[in-house]
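Participant: When you get a sec, could you give me coordinates for this:
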Amino acid sequence: IPNPKYKGAWVHPKVPNPEYKADENLYVMDNIGGVGIEIWQVTSGTIFDNIFVGDDLDEAKTFSDKTFKARKEGEKEAKDVYD
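Facilitator: From the prediction side, this is the model:
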């Protein structure tokens with residue numbers, strides 16, 4: 001439909017901010033003590049625990065061995081009994 005009032009693509013107005021200062025280390029974080037994760041699921045009963053956040057593969061594998069792998073079979077057996 002033709003629109004005679006169309007002025008082209010909207011362009012946001014640029015508002016001057018004299019207090020702005022660029023921060024080269026804006027992304028740098030200190031030790032993070034917690035992480036919030038929102039997970040939407042269709043099937044109830046799913047459990048999310050032992051979430052690892054890091055950048056060291058060996059540390060992640062050690063964490064997995066101590067948490068996930070240590071309980072994997074027991075959790076499967078409990079689910080099979082429940083089902």
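
Participant: Which elements pack onto the lengthiest helix in the chain?
Facilitator: Ranked by number of residues, the top helix in the chain under DSSP state H is helix 68-82. The contact analysis (3 or more C-beta pairs under 8 Å, 6 or more residues apart in numbering; DSSP states H and E) places helix 68-82 against no helix or strand. Any C-beta I mention is one placed from the backbone N, CA and C, and that applies to glycine too.

Participant: pLDDT averaged over it, what's the number?
Facilitator: Taken as a whole, helix 68-82 has a mean pLDDT of 84.

Participant: Regarding stretch 54-70, how distant is the last residue from the first?
Facilitator: One end of stretch 54-70 to the other measures 20 Å (C-alpha to C-alpha, to the nearest Å).

Participant: Quick check: buried residues in it?
Facilitator: residue 63 (16 or more other C-beta atoms under 10 Å).

Participant: Report the helix or strand with the lowest average pLDDT across the protein.
Facilitator: Using mean pLDDT, DSSP states H and E, helix 68-82 stands out as the lowest-scoring helix or strand of the chain, at a mean of 84.

Participant: circling back to that earlier point, which residues does the longest helix of the chain contact?
Facilitator: residue 50 (C-beta atoms under 8 Å, 6 or more residues apart in numbering).

Participant: same deal with stretch 55-65?
Facilitator: By C-beta under 8 Å, 6+ apart, stretch 55-65 touches 50, 52, 54.

Participant: Now do the last one, the pLDDT please.
Facilitator: Going back to what we said before, that points to residue 54. Listed pLDDT for residue 54 reads 87.

Participant: That one: what's it in contact with?
Facilitator: 60, 63.

Participant: what residue is smack in the middle of this structure?
Facilitator: For the chain, residue 37 is the residue whose C-alpha lies nearest the centre (C-alpha atoms, centre = their mean; 5.8 Å).

Participant: Now do the contacts for it.
Facilitator: Contacts here follow C-beta under 8 Å, 6+ apart; on that basis residue 37 touches 48, 51.

Participant: how about a cut-off of 6 Å?
Facilitator: With contacts defined as C-beta atoms under 6 Å, 6 or more residues apart in numbering, residue 37 has no neighbours.
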